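Asker: turn this into a model:
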Amino acid sequence: MINGINHITISVDNIDRAFSFYKDILKLKPVMKSNRSAYFYAGKTWIALDKRERYDPSENYAHICFNIPKRRFKMFAEGIRESNIKEWQQNETEGDSLYILDDSGNKLEIHCSTLRERMKYGKKHYDKGTQWFSPFGQAKPVR
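Answerer: A predicted model of the protein is given here:
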């Protein structure tokens, strides 16, 4: 059974710029960097950067969401905004979120809420046809 995230691979167009962004702006812990790839830790999650020559991430909503403690969100978000990092959307759900682009145009989110809080919000705001599942995979009716 799947029990978490093993790693996340992000395609980038410039490994040096991407390495600096993830290390200096997002403050991830670097593990390895080569001419074609780099590895970081974000907490216990392994993040891999992979250099690609042809790459256009702007066509979809796919993004990676990094968790941050609520007490640190405001200061962290202010630091990113002071670095003039481009934001790709505004937050429209519960909890604080900052949606940013890295130097290669990959979509990222910095978020400080839990799945439990998202479900509580969703049960009030999502379509009535939404199915909610217990941890064991059985559908529960929306109340």
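
Asker: by average pLDDT, which secondary structure element in the protein comes out worst?
Answerer: When the helices and strands of the chain are compared on mean pLDDT, DSSP states H and E, strand 139-140 comes out lowest with a mean of 48.

Asker: who does the longest helix seen in the chain touch, helix- and strand-wise?
Answerer: The helix that spans the most residues within the chain, counting by DSSP state H, is helix 70-82. For helix 70-82, the helices and strands in contact under the criterion 3 or more C-beta pairs under 8 Å, 6 or more residues apart in numbering; DSSP states H and E are strand 97-101, strand 107-111. (Glycine included, C-beta is placed from N, CA and C.)

Asker: and the last one, what does it pack against?
Answerer: Same thing as strand 107-111. Identification of packing neighbours for strand 107-111 by 3+ C-beta pairs under 8 Å, 6+ apart yields strand 64-67, helix 70-82, strand 97-101.

Asker: apply 10 Å and report the result again.
Answerer: When contacts are defined as 3 or more C-beta pairs under 10 Å, 6 or more residues apart in numbering; DSSP states H and E, strand 107-111 packs onto strand 64-67, helix 70-82, strand 87-89, strand 97-101.

Asker: next secondary structure after that strand?
Answerer: For strand 107-111, the succeeding helix or strand toward the C-terminus, using DSSP states H and E, is helix 115-125.

Asker: packing partners for that next one?
Answerer: Using 3+ C-beta pairs under 10 Å, 6+ apart: helix 115-125 touches strand 132-133.

Asker: now do the contacts for Pro69.
Answerer: Phe76, Cys112 (C-beta atoms under 10 Å, 6 or more residues apart in numbering).

Asker: show the backbone phi and psi for it.
Answerer: Reported as degrees, to the nearest 10, the phi and psi values for Pro69 are phi -60, psi 140.

Asker: what's the separation between it and Ile110?
Answerer: 11 Å (C-beta to C-beta, to the nearest Å).

Asker: okay, and the common contacts of these two?
Answerer: Common neighbours of Pro69 and Ile110 (C-beta under 10 Å, 6+ apart) are Phe76.

Asker: give me the most central residue, the protein.
Answerer: With distances taken as C-alpha atoms, centre = their mean, the residue of the chain nearest its centroid is Cys65 (1.7 Å).
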